[in-house]
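K.L.:
Predicted structure and sequence below. I'll ask about it afterward.
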Amino acid sequence: MIGAAPAAAALASGVMIGVILGLVGGGGSILAVPLLVYFVGVGSTHVAIGTAAVAVAVNAAISLIGHARAGTVKWPCAIAFGLAGMTGAAIGAEFGKAIEGERLLIFFGLLMIGVGLFMLRPKRAVDLPDVKLSRGAARMLLPRLLLIGFGVGLAAGFFGIGGGFLIVPGLMLATAMPLRYAVGTSLAVVTALGLTTAISYALSGYVDWLLVGLMVAGGAGGGLMGIKLGQHIGASKGAMEKIFAFIVIMVGVYVTAGAL
């Protein structure tokens, strides 16, 4: 059993992760490990990673339902990207479990800083809402989806993250789909990659199932809030992504400094 304060912290963390996943299709997972380590108080980095992977995968699946109903999921692209990513995640998770916990936190913090800086880069305007992985387009799209998907999967498995903020720009780079479709499609991939990493860590005993339950309970409500919020502030999403990027960078600096 855990105390009331850690339980409340885990529930609040789930709400926060769910809101971010529902709103922008990623980012909740990259904060999940720092939240578990520094906010909830999980002592083992590997347990934090395994627990976060399970919770994020389930929360992403919940948010995915709303996006699927809105028709913003490109399923063939998600399947190709996800299969390549699952292969990469399985490999990455084995490497991650072999790294000492404090060193893994340093790498994780540096990744957060890098992702935050990438999010601040000016985004290329794209507008191909009808893009699809058809037989005619497969020759051009499939190699891009598989290559980028595998690379994102490696990072997701190694650090125990869903990889949403790597997947969204990756999908846009590979297919030129608009942001709103990349967000919806990314949730299918986040679910797949998170489950791959979660299974690997669970088999090694690195999952706190009570914390998972609390984070999923919070994330269910948070995901619905994020989707509703996104529908009302679509024009301000760019500003929100910049704010979130600064948060990711600051948390990354804190995690890296604390692990040194």
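P.N.:
Great, that's in hand. Quantities reported herein were computed from a predicted structural model and do not represent experimental measurements. Numbers count the residues shown, from 1 in each chain.

K.L.:
show me what contacts residue 107?
P.N.:
Contact partners of residue 107, counting by Cβ atoms under 8 Å, 6 or more residues apart in numbering, are 99, 158-159. (C-beta placed from N, C-alpha, C; glycine too.)

K.L.:
can I get these in TSV with neighbour count and distance to residue 80?
P.N.:
What follows is the contacts of residue 107, written out as TSV (neighbours: other Cβ atoms under 10 Å; distance: Cβ to Cβ, whole Å):
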residue	neighbour count	distance to residue 80
99	15	29
158	24	21
159	24	23
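
K.L.:
Helices of the stretch 51-200 of the chain, residue ranges please.
P.N.:
Remark: helices assigned in the stretch 51-200 of the chain by DSSP state H, counting those that start in this stretch are 75-97, 101-119, 138-159, 164-175, 179-203.

K.L.:
now the angle from the shortest one to helix 138-159?
P.N.:
Read it as helix 164-175. With axes from the mean of the first three to the mean of the last three Cα atoms, to 10 degrees as the basis, helix 164-175 and helix 138-159 are set at 170 degrees to each other.

K.L.:
of the helices of the stretch 51-200 of the chain, which approaches residue 229 most closely?
P.N.:
The closest of those to residue 229 is helix 179-203. By Cβ to Cβ, the value is 12.8 Å.

K.L.:
Now residue 39. Nearest residue, chain neighbours left out?
P.N.:
Closest residue in space to residue 39, ignoring its immediate chain neighbours: residue 9 at 5.1 Å, by Cβ to Cβ, 6 or more residues apart in numbering.

K.L.:
mind checking how far the one you found is from residue 22?
P.N.:
Distance of residue 9 to residue 22, given as Cβ to Cβ, to the nearest Å: 20 Å.

K.L.:
what's the answer for residue 105, then?
P.N.:
Taking Cβ to Cβ, one finds residue 105 at 27 Å from residue 22.

K.L.:
Show me which of the two is the more surrounded one.
P.N.:
More neighbours surround residue 22 than the other of residue 105 and residue 22, with 29 against 23 (other Cβ atoms under 10 Å).

K.L.:
For the more buried one, which residues are in contact?
P.N.:
Applying Cβ under 8 Å, 6+ apart, the residues near residue 22 are 63, 66, 222-230.
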